[in-house]
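Novice: show me the folded form of this:
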Amino acid sequence: MRACDVGSDSCWSQRTANPGRSGQADAQFVRARTGFVIGGVPPVGHAEALTTLIDADLLAFDEIWAAAGTPNAVFRLLPAELVAITGGLVADVRREE
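Specialist: Numbering: from 1, shown residues only. As a prediction, the model looks like this:
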């Protein structure tokens, strides 16, 4: 299983840019910043401008699926499209569990 490594250098730089925040965001924080509930947060269209970190491992896939605004909706896209539409930073942000 893979999970986000909140101690990684990539995540550390984001915590430095956002003091007072570390670890996993709770439901209230996610809803306030994105306008969406956990499980349905799409990569774009957030309530606030956010920095997007994209797991570098996603680039190995031919296609990926992203949440589309609700926990029951997804859409297909190419990894390069995800990078382009979000302006995201590709980084090694995972750890093995």
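Novice: okay, CA-based contacts and neighbour counts for the rest of this
Specialist: Will do.
Novice: go ahead and confirm D92 touches D55.
Specialist: Yes: contact criterion Cα atoms under 8 Å: D92 and D55 qualify, at 5.7 Å.
Novice: residues of the helix or strand where V90 lies that come out buried?
Specialist: Element membership of V90 [criterion: DSSP states H and E] is strand 89-91. Of all the residues in strand 89-91, those buried under the rule 16 or more other Cα atoms under 10 Å are V90.
Novice: for that strand, packing partners?
Specialist: In this structure, strand 89-91 makes packing contacts with strand 53-55, judged by 3 or more Cα pairs under 8 Å, 6 or more residues apart in numbering; DSSP states H and E.
Novice: and the strand it packs on, which strands flank it?
Specialist: Sheet pairing for strand 53-55, assigned by DSSP bridges, gives strand 89-91 (parallel).
Novice: any idea of the mean pLDDT for the partner strand?
Specialist: Averaged across strand 89-91, the pLDDT comes to 92.
Novice: got the contact list for that strand?
Specialist: With contacts defined as Cα atoms under 8 Å, 6 or more residues apart in numbering, strand 89-91 is touched by 10, 51-56, 83.
Novice: so where's the chain uncertain?
Specialist: Along the chain, segments meeting pLDDT under 70 span 1-23, 95-97.
Novice: mind putting the contacts of strand 89-91 in TSV, neighbour count and distance to P43 included?
Specialist: Formatted as TSV, the contacts of strand 89-91 follow (neighbours: other Cα atoms under 10 Å; distance: Cα to Cα, whole Å):
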residue	neighbour count	distance to P43
S10	17	18
T51	12	10
T52	16	8
L53	18	10
I54	20	10
D55	15	13
A56	14	15
V83	17	10
